[in-house]
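Q: test case, fold it:
(one chain, ligands or ions: 1)
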Amino acid sequence: MRFLKGHGTENDFVILPDPDGALDLPPATVAAICDRRTGIGADGVLHVMRTKASHEVADQADSAEWFMDYRNADGSVVEMCGNGVRVFARYLVSAGLASPGEFAVATRGGLKLVRIEADGDVRVDMGKPVVLGESVTTVSGHEFTGLHIDMGNPHLACAIGEPVVQLDLGHQPGFDPGVFPTGVNIELFNPVGQRRAVMRVFERGSGETRSCGTGAVATAVAAAHLAGESTGTWNIDVPGGHLTVTLEEETSYLAGPAVIIASGELSL
Ligand SMILES: N[C@@H](CCC[C@H](N)C(=O)O)C(=O)O
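A: Numbering: from 1, shown residues only. The predicted structure is shown next:
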């Protein structure tokens, strides 16, 4: 099976081109591919299918030729991945499957408009974040309160007093399963300076990752909320680099680098 490897601010993905949706991808297979010792190693899999080859997103087939079937490293099936869709767009354009310029990608979280920018970054219209209230996480015995934000997938974004670099994110942080019955992506951030935040994330289904696009937007929303703002451009520093989030009244945009670094043959 042909595969490619790519990343967006070190949130890394194995890309599996499968236009007709012929591949069987049970969770154990995805987990084996993502294993960093015995597999290729990745935070998740971008399964590239023609939208019309999938029953799941049939309603998007008239608007988007390609469907990003995203899987977490543990094999779980996911609605949306912000960095993933940017790497997905980079792959489609570099493979000649989409023209540079703006085009739509189908996801379980709805249609996403992507664009390769003049500076080479990939930007995606992430839609309107939905703030659903407050909730609490526990990390190493410390409780942090944050905002529950729906980005198509669930997030809890918490501003914290101690430097995020000092946190131990080697274990699953605690969360309220009554609020997050399917799990949650947990962002911990320090607001630093004017519309800037330093963020770390513990992703549902993948553990700590070096970046998370949906999480960066959730962090920008929570940081803006703290600052008494609802619009503006936020710089989000993650362990793997730097993302830019623009909040508008009716939508949000995520921009940053997205690269393909390797390709090869994978035997399952
Ligand atoms: N890294 C992604 C988010 C991937 C999905 C997430 N782990 C979930 O389960 O919702 C991003 O860049 O948004």
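Q: so where's the stretch 101-250 of the chain shaky on pLDDT?
A: In the predicted model, the stretch 101-250 of the chain carries no residue with pLDDT under 70.
Q: who in it is up against the ligand?
A: Residues of the stretch 101-250 of the chain lying close to the ligand by C-beta under 6 Å from any ligand atom are 153, 185, 203-206, 209, 212-215. For every residue, glycine as well, the C-beta is placed using N, CA and C.
Q: which one (most neighbours) among those residues?
A: Counting neighbours by other C-beta atoms under 10 Å, the top entry in those is residue 212, with 36 neighbours.
Q: residue 248: how many residues sit nearby?
A: By the criterion of other C-beta under 10 Å, residue 248 has 13 neighbours.
Q: doesn't residue 230 make contact with it?
A: No: taking C-beta atoms under 8 Å as the definition, residue 248 is not a contact partner of residue 230, at 9.1 Å.
Q: if we can go back for a sec, so which two of the residues of the stretch 101-250 of the chain next to the ligand are the farthest from each other?
A: 205 and 213 (15.0 Å; C-beta to C-beta).
Q: the residue nearest to residue 40 when sequence neighbours are not counted sits in which helix or strand?
A: In space, not counting the residues next to it along the chain, residue 40 is nearest to residue 14; the distance is 5.0 Å by C-beta to C-beta, 6 or more residues apart in numbering. Residue 14 is part of strand 11-17, with elements assigned from DSSP states H and E.
Q: which residues are contacting the helix or strand following that strand?
A: Following the chain from strand 11-17 toward its C-terminal end, the next helix or strand by DSSP H and E is helix 27-34. Here helix 27-34 makes contact (C-beta atoms under 8 Å, 6 or more residues apart in numbering) with 3, 14, 38-45, 71-76, 206, 266, 268.
Q: same question for stretch 100-115.
A: Residues outside stretch 100-115 that contact it (C-beta under 8 Å, 6+ apart): 51, 54, 56-57, 60-61, 63-68, 70, 77-81, 85-86, 88-89, 92-93, 116, 122-127, 151-153.
Q: among the residues of the stretch 101-250 of the chain next to the ligand, which ones are in strands?
A: Among those, the members falling in strands (DSSP state E) are 185, 203, 209.
Q: nearest to the ligand among the residues you listed?
A: residue 203 (3.7 Å; C-beta to the nearest ligand atom).
Q: next up, the contacts around that closest one.
A: Contacts of residue 203 by C-beta under 8 Å, 6+ apart are 43, 72, 185, 209, 212, 215.
Q: repeat that for residue 138.
A: Listed by C-beta under 8 Å, 6+ apart, the contact partners of residue 138 are 144, 173-175.
Q: quick one: which of those residues is nearest residue 194?
A: residue 144 (23.3 Å).
Q: what's the next secondary structure element after the helix or strand where that closest one lies?
A: Counting by DSSP H and E, the secondary-structure element that holds residue 144 is strand 142-150. Toward the C-terminal end, the helix or strand that comes next after strand 142-150 (DSSP H and E) is strand 154-159.
Q: list the pairing partners of that next one within its sheet, with orientation.
A: Strands adjacent to strand 154-159 in the sheet, as given by DSSP bridges, are strand 142-150 (antiparallel), strand 185-191 (parallel).
Q: so what touches that strand?
A: Contact with strand 154-159 is made by 135, 137, 144-149, 175, 180, 182-191, 197, 204, 214-215, 218-219, 221-223, 226, as judged by C-beta under 8 Å, 6+ apart.
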